[in-house]
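Peer 1: model the structure of this input:
(one chain, ligands or ions: 2)
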Amino acid sequence: MFSDLHTHSTISDDADDSMRAMALAAAEKGLELLCLTDHADLDALDGGPQKQPFPLAEWRAAFEEAREAAGDRVALRLGLELGEADHHPEAAGALAAAVPDFIIGSTHNLLHTPDFYCGRPGGEAPALFDTAEKRRALLDRYVSELEATARLGLFDVLGHIGYPLRYMRPYEPQLSLMPWRDRLAELLRSLIAAGKGIEVNTSGLRGSLGETMPAPWLLRLYLDLGGEVLTLGSDAHRCRDLGAGIAETKKWLADLGFRRHCVYNKRKAEFYPLLD
Ligand SMILES: [Zn+2]
Ligand SMILES: [Zn+2]
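Peer 2: Ligands and ions are numbered 1, 2, ... in the order given. Next up is the predicted model:
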């Protein structure tokens, strides 16, 4: 099963191609299942509340158009990447109820704090984590917010664990979530107990991060704790990145000891062997 469960279309304001174009490109690349998971971020990039409501009608119409265009060449699923649900639980709950197939629960920014993306060198908030002390404090809050998101539970898999590292590593190349290992183990245990999963996001392989989110050591920990609900996603924001890094990631996940990955249909996990 060649699947990509984390992708963005022009419904997200940071992506390039329509759902229709993404679906056709997925079929062209030999993907068997594509889930479109546009951003429904409840906060804006600067950490203030989102001013634009999520365009539900436009989103559904774009998906219908994609489905018509792709026919039976690729199985299409409609999901959302729900960002910052823990900051706005009621609005998040209402959005989650509108999602047919799959929800990724993501943390891009901490409460009243700009998106980690803004702290990259030369970014909109260059002083966000320009000292080791600030980075430690923010990562500590990040782990707390992952815990809060997990408690809220309005998702199927927790998205790209380790996202801040992507933007912090230019300042501190060895930075990792390892100092939070015990709390992360507890978080993973709580996800397993609740029947939730995590995603393996391959976008880090295309950039300077050079690894998946979560990192391999954290995936190994998840496996050791008995975790098996695992989805694969490229986080493609354009056709050309669809499916990127997924085949190679499946190989080393199998070497790590995982046997299966899953896709979602109507918010239910369906399992497939990692290696066909
Ligand atoms: Zn994300
Ligand atoms: Zn994404």
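Peer 1: which residue is it, in the stretch 101-250 of the chain, that comes closest to ligand 2?
Peer 2: Across the stretch 101-250 of the chain, no residue is closer to ligand 2 than residue 235, which sits at 4.4 Å (Cβ to the ion). To be clear about C-beta, it is placed using only N, CA and C from the backbone, and glycine gets the same treatment.
Peer 1: my read: that residue touches residue 12, true?
Peer 2: No. Contact criterion Cβ atoms under 8 Å: residue 235 and residue 12 do not qualify, at 10.7 Å.
Peer 1: same drill for those two, tell me which one is more crowded.
Peer 2: residue 235 (25 against 19; other Cβ atoms under 10 Å).
Peer 1: same for the top helix by length along the chain, what does it pack against?
Peer 2: Taking DSSP state H as the criterion, the chain has its longest helix at helix 132-152. In terms of contacts (3 or more Cβ pairs under 8 Å, 6 or more residues apart in numbering; DSSP states H and E), helix 132-152 is packed against strand 102-106, strand 157-158, helix 163-168, helix 181-193.
Peer 1: what is the shortest one packed up against?
Peer 2: With contacts defined as 3+ Cβ pairs under 8 Å, 6+ apart, the secondary structure elements packing on strand 157-158 are strand 102-106, helix 132-152, strand 197-201.
Peer 1: now with 7 Å, please.
Peer 2: helix 132-152, strand 197-201 (3 or more Cβ pairs under 7 Å, 6 or more residues apart in numbering; DSSP states H and E).
Peer 1: which stretches of this structure form helices?
Peer 2: Under DSSP H, the chain gives helices at 19-28, 56-70, 89-96, 132-152, 163-168, 181-193, 216-224, 246-256.
Peer 1: in a markdown table, list those along with mean pLDDT, distance to residue 4 and mean neighbour count.
Peer 2: Shown next, in a markdown table, are these (pLDDT from 0 to 100; distance: least, Cβ to Cβ, whole Å; neighbours: other Cβ atoms under 10 Å):
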| stretch | mean pLDDT | distance to residue 4 | mean neighbour count |
| --- | --- | --- | --- |
| helix 19-28 | 98 | 7 | 22 |
| helix 56-70 | 98 | 14 | 16 |
| helix 89-96 | 97 | 21 | 16 |
| helix 132-152 | 98 | 23 | 17 |
| helix 163-168 | 97 | 18 | 23 |
| helix 181-193 | 98 | 22 | 16 |
| helix 216-224 | 98 | 18 | 18 |
| helix 246-256 | 97 | 6 | 16 |
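Peer 1: among the ones you listed, which is nearest residue 208?
Peer 2: helix 163-168 (7.9 Å; Cβ to Cβ).
Peer 1: ok, and what's touching that closest one?
Peer 2: Under the contact criterion Cβ atoms under 7 Å, 6 or more residues apart in numbering, helix 163-168 has outside partners 107-108, 116-117, 119-120, 129, 135, 138-139, 142, 175-176, 204, 207, 209, 213.
Peer 1: same question, stretch 266-273
Peer 2: 1, 100, 101, 102, 156, 197, 229, 259, 260, 261, 262, 263.
Peer 1: 6 Å instead, please
Peer 2: Residues outside stretch 266-273 that contact it (Cβ atoms under 6 Å, 6 or more residues apart in numbering) are 1, 229, 260, 262, 263.
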